[in-house]
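Novice: Next come a sequence and a model predicted from it.
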2 protein chains.
Amino acid sequence: MKEQNEKNLKIIYDTMKLAENYYHAATVMSFDMETICPPAAMEKQGETMAFLSTEGYKLLKSEEFIRAVTELYGNLSDEDIDPLDRELVKSLWREYDKIKNLTPKMNHEHDLIRNKAYVDWLRAKQSSDYSVFAPSLEKIKEIGIEEVSLRGNKSADPYDDMLGDYERGVTQTDLDEAFGECKERLIPLLEKIKASGKTIRRDFMSRTVTDEAQKNMARYLLETIRYDFDRGAFTTTEHPFTSDLARDDVRVTTHYHPNEFTASMYSIVHEGGHALFGQLQPAEHHDHRIAGNMSMGMHESVSRFYENRIGRSRAFIDLIYPRAKEIFPGLLDDVTPGELYEAVNIVEPSLIRTESDEFTYTFHIIIRYEIEKAYMAGKAKTDDLPRIWNDKYEEYLGIRPANDREGVLQDVHWSFGFGYFPTYALGNMYNAMYFNRMKKEIDVDALVRAGDFDAVNGWMKDNVFAKANILTAKEWIKDITGREFTPKDFLDYLEEKYGAIYGL
Amino acid sequence: MKEQNEKNLKIIYDTMKLAENYYHAATVMSFDMETICPPAAMEKQGETMAFLSTEGYKLLKSEEFIRAVTELYGNLSDEDIDPLDRELVKSLWREYDKIKNLTPKMNHEHDLIRNKAYVDWLRAKQSSDYSVFAPSLEKIKEIGIEEVSLRGNKSADPYDDMLGDYERGVTQTDLDEAFGECKERLIPLLEKIKASGKTIRRDFMSRTVTDEAQKNMARYLLETIRYDFDRGAFTTTEHPFTSDLARDDVRVTTHYHPNEFTASMYSIVHEGGHALFGQLQPAEHHDHRIAGNMSMGMHESVSRFYENRIGRSRAFIDLIYPRAKEIFPGLLDDVTPGELYEAVNIVEPSLIRTESDEFTYTFHIIIRYEIEKAYMAGKAKTDDLPRIWNDKYEEYLGIRPANDREGVLQDVHWSFGFGYFPTYALGNMYNAMYFNRMKKEIDVDALVRAGDFDAVNGWMKDNVFAKANILTAKEWIKDITGREFTPKDFLDYLEEKYGAIYGL
């Protein structure tokens, strides 16, 4: 038995190493496409990427590889199998089960559809013309439903499977409950904030800052949180993101708006959080090829931990304030740290998710979730999404997009699939839970004030990152905090923080 | 017969199309490596690129592919073969003939030697210690001679074959004659310039300009010469270059020195020239896979046409002057267009080739050529090259390097082989010849003043670019101008232009 397991593991590692060449190349090409590839070259580049993905995919669907995974999966209780190899086999089996009925031809076609959808979305957004994107969106829905319907292990409702792709085990039932609580507590709280009469100074927030100064600030912030530049890089894209290109290559992007200097600051701290999660993966998880197995919800919890729980704290503002005065000469001469703290925590309903405040953010997600749910269930038609979108913004936030560029077309996500958005809101709820545990063990506030991010990152590495590749989110949050998942900690935090700021 | 040709052509096109996926991916990864890839990720990225290149190379060295090329090469006189397919087969045959007797073992050994030579050169340059590089240089010479001696179709003198790799058909006889004329006319002319007593104002040339302003200038210049941004992009690297990534993807890079604003301006116009050559390739040459077959000398003639013949002309300065005043606020307030024109055409002997002026540039090439020639012929020993180098700089330019970093070690080229440098000088001579023809057909000066680059580029496309992939440089220049290759036009141009500037 032992010999057979060893042989199968060798097949798995050899094949994955070979396939990694194709995926590495495709990922670099994808990063290139999002950052610098010229418009007319996109289609050809998409074709080459599809070729590479297909070659990699062929290897991971080869008879020999599948047999090795299947045999090992049947022997998982064998004691001679290393626990991390067991995790690898389990994850490979899960992935195989998802795609085992997808033909290479279908896979290739879906790649092309997704590449086209991305290009169409870009064009649609540029011209604020939803009709340019609508046919691709419909196809994305069709191939999404087709893909989950072909799985071995599937739910009764295809949308639950899509949600599970980004947060394994979380269903519409969970989200309906959590988002229900959010609406129940946050809608009245938003009304109180609006009625509070509190005026937060914001005149300086739209002062003009050059791209060069904003870039220097972005670099300083990444250095502050100990992002490793030897194993990473940053550049600009319209829509900021983080990309794990290789074990020693985790890159982030941001964008600069001349009259919103804090937009790029918080975008870079957010992406920097994602990147730290990638850069601080346990070496043995890389060795055992499970280093990317954490869920999207976990990832968002970490990025939002750095962006909001740390980045928008008074301690962090006090830490960066002196350097900010140097990097932005004159900009903050008449602004106190307290005023800056309040300004980056202003609550104001707005149209663009990525620029929204911490408080109203959850509404942006609830809206997207409710639209996805209705669209997947056939209760909303492709052509109706812009109108439904606008209506919901009016209902929950009291504002209405003037066009689709600032409405339904603002996010890239639907150009590749559905089910992703809820992870953003779940992330806030997870980090609220582990932040409460963290506070009991280390003096977060004092460490941030002192700029000691090695200590903060160290706690995250030992407690939050350590088992993220192994457990489901529900298991993981219980493992870190000893408690079942709940949105309560997050809602308590919002009430306390914004109650203090708005004097409620 | 016809059927067999068709079958073979299908094999060739199918194989090349498949291999293009690998080369496209490797080229994008290479561009990524030179522009943004983080230091710790370089090695892994190099490994993936090597994997991709090997996969592509395997296809182009497959038995089936070689047989198809060989059979078609034997049938080239068949009338049914399309003329452009004939060119493709000829070029594939030439490449195959060069490497057919190289064993995989030898190939691997030579790769290792070249890799080591590059590392040794880097170290030698950093420490300005020629002895670190000398043993590798000797080996580069040996393997270079060995490689050309194994070819099917070879010359009596190995150095002629090395020269021919970068400029097919050009031999030492040609270069001795051309460079002899250059020395005869340029050495006395340089003496006259030195003795002229003319003072050119240059104080403003080292005024500080931000990266952002230089970037805006670079974009304006690329737009001015009608570089197509829909099929290209630009970014920064330490050493500027142009990269053809795909049919619709030709990118350029530049770099910004805060106190040398014209350095990035002329670097971007130079690379922009290379890029226009790539972007304006005939569509049918792309279709027939010969769009990259032009020689290095031709490519340099085009980049230097845009950089020097256009970019350093009075008409071009008059065209860009008003916009330059806007992009660089205050910088040129006390500078006239005439002063700017003279400043970008200052003649001053200097030690570093890449920073030298248009006039003295040719001496840098002649020196390298004379050293290569003597070295290949066994008339100069490895240990003597630094002394010979320094002596020649003193003889031709009246200056002597203080160390080998600014002498014999300054260029990377000899770490991979010999024969490249002359193409730089030949380019100047080619464009002088076709510029004289061009002037008879269109009013270049008036068109440049009017910013009508569509007309200038159109002439280049119809006359210069049209047959570059098909003819050797000598055939090509005769096809364009009706005359045999000569350095005379270039020397006349220098005499006239610099005679006027220096009042000779």
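Specialist: That came through fine. None of the values given here were measured: they were computed from a predicted structure.
Novice: For the closest residue to A:Asp129 other than its chain neighbours, list the residues it contacts.
Specialist: The shortest distance from A:Asp129 to any non-neighbouring residue, by CB to CB, 6 or more residues apart in numbering or on different chains, is to A:Asp404 (7.3 Å). All C-beta atoms are positioned from the backbone trio N, CA, C, and that covers glycine. A:Asp404 is in contact with A:124, A:128-130, A:386, counting by CB atoms under 8 Å, 6 or more residues apart in numbering or on different chains.
Novice: Emit the PyMOL select command for whichever of those residues are buried.
Specialist: Command for PyMOL that selects the buried part of the contacts of A:Asp404, burial taken from 16 or more other CB atoms under 10 Å in any protein chain shown:
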select buried, chain A and resi 124+130+386
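Novice: Pipe the contacts of A:Asp404 into a markdown table and attach secondary structure per row.
Specialist: A markdown table is the format used below for those (DSSP: H, G, I helix; E, B strand; the rest coil):
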| residue | secondary structure |
| --- | --- |
| A:Ala124 | helix |
| A:Ser128 | coil |
| A:Asp129 | coil |
| A:Tyr130 | helix |
| A:Pro386 | helix |
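Novice: What is the nearest of the contacts of A:Asp404 to chain B?
Specialist: Of all those, A:Ala124 has the smallest distance to chain B: 17.8 Å, by CB to the nearest CB.
Novice: So A:Met162 sits against A:Ser149, correct?
Specialist: No. A:Met162 is not in contact with A:Ser149 according to CB atoms under 8 Å; the separation is 11.2 Å.
Novice: When these two are compared, which one has more neighbours?
Specialist: More crowded of A:Met162 and A:Ser149, by other CB atoms under 10 Å in any protein chain shown: A:Met162, with 20 against 11.
Novice: Distance check, that one against chain B.
Specialist: According to CB to the nearest CB, to the nearest Å, A:Met162 and chain B sit 30 Å apart.
Novice: Same question for A:Met460.
Specialist: 21 Å.
Novice: Contacts only, for that residue.
Specialist: Counting by CB under 8 Å, 6+ apart, A:Met460 touches A:276, A:280, A:302, A:305.
Novice: all strands for chain A, in order.
Specialist: Listed in chain order, the strands of chain A (DSSP state E) span residues A:234-236, A:242-246, A:249-254.
Novice: Of the ones you listed, which stretch is the most buried?
Specialist: For those, average neighbour numbers computed from mean count of other CB atoms under 10 Å in any protein chain shown are highest in strand A:249-254, which has a mean of 25.
Novice: Pull the most distant pair out of the contacts of A:Met460.
Specialist: Maximum pairwise distance in those, criterion CB to CB, is 12.8 Å, between A:Leu280 and A:Phe305.
Novice: if we can go back for a sec, B:Ile367: which of the strands of chain A is closest?
Specialist: Nearest to B:Ile367 among these is strand A:234-236 (40.0 Å), distances taken as CB to CB.
Novice: my guess is A:Gly152 meets A:Leu102, correct?
Specialist: No. Look at A:Gly152 against A:Leu102 with CB under 8 Å: they stay out of range, at 11.5 Å.
Novice: Settle it for me: which of those two has more neighbours?
Specialist: More neighbours surround A:Leu102 than the other of A:Gly152 and A:Leu102, with 16 against 12 (other CB under 10 Å).
Novice: measure that one to chain B for me?
Specialist: Distance of A:Leu102 to chain B, given as CB to the nearest CB: 21 Å.
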